[in-house]
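Chemist: pasting the structure only:
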C-alpha cells in the first residue's frame, strides 16, 4: 500500500495550514492524525468541527473521555486508544466511571445505531436523556472518522503516548 503523507506546517496544502495552526495551538504540538488528515483540508476541518461540537455537549470531560475511549476500543484504533489512555491518565479518570455510558456507547457502535428498548431504558435509568443519545451519536461520528483514517493511514503513535501502545488483544482498558 502507498503510505499516506504526514504533513506539517511547511508541507501541508495551503488551505490546511490554518487548520494545522489551530491543532498546534490546541495541543501544543501537531498530532500525527492531524498531519495525515491535512492532505484533505475538508477532512481536517470536518474533524475539527465535529470535535468542537462534541466537546461542547452537556457531557463533562470524564464522560467525553469514556465515550471516545469506548468507540476507540470497539473500532480497534491503534492510534486513538493510546492517545485517549494518556488523556484519561492525566485527567485521573476513575477506572469505574460511568458504566452505563460506556455500555450504551458500545451497544450503539456494535448495533450501528440499532439499540433496543431495554438498552435505551437502562441508559435513561442511569440518568441520561434523549439529548445524551444524540450526543453519543455525534461522538461516534467524530471517532469513526479518526479511527478509520488511522486504520488506512497506519498513523504512527505520537511520542507522548507511545507508552500506552495498544492492540485489540491487550487487556481491556478501564476507560
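Modeler: Here it is on my side, so go on. All values reported here derive from a predicted model rather than from experimental measurement.

Chemist: from now on I want contacts and neighbour counts done on CA atoms only, so please keep to that.
Modeler: Noted.

Chemist: I'd like the next helix or strand past the helix-or-strand element of the chain with minimal mean pLDDT.
Modeler: Using mean pLDDT, DSSP states H and E, helix 80-91 stands out as the lowest-scoring helix or strand of the chain, at a mean of 81. Beyond helix 80-91 in the direction of the C-terminus, DSSP states H and E gives the next helix or strand as helix 99-110.

Chemist: which positions in that following helix come out as buried?
Modeler: 100, 101, 102, 103, 104, 105, 106, 107, 108, 109 (16 or more other Cα atoms under 10 Å).

Chemist: next, the buried residues of the lengthiest helix in the chain.
Modeler: When the chain is scanned for its longest helix (criterion: DSSP state H), the result is helix 130-153. Counting neighbours by 16+ other Cα under 10 Å, one finds that the buried residues in helix 130-153 are 132-133, 135-144, 146-147, 149-150, 153.

Chemist: now swap in stretch 10-30 and tell me
Modeler: For stretch 10-30, by 16+ other Cα under 10 Å, it's 12, 16, 17, 19, 20, 21, 23, 30.
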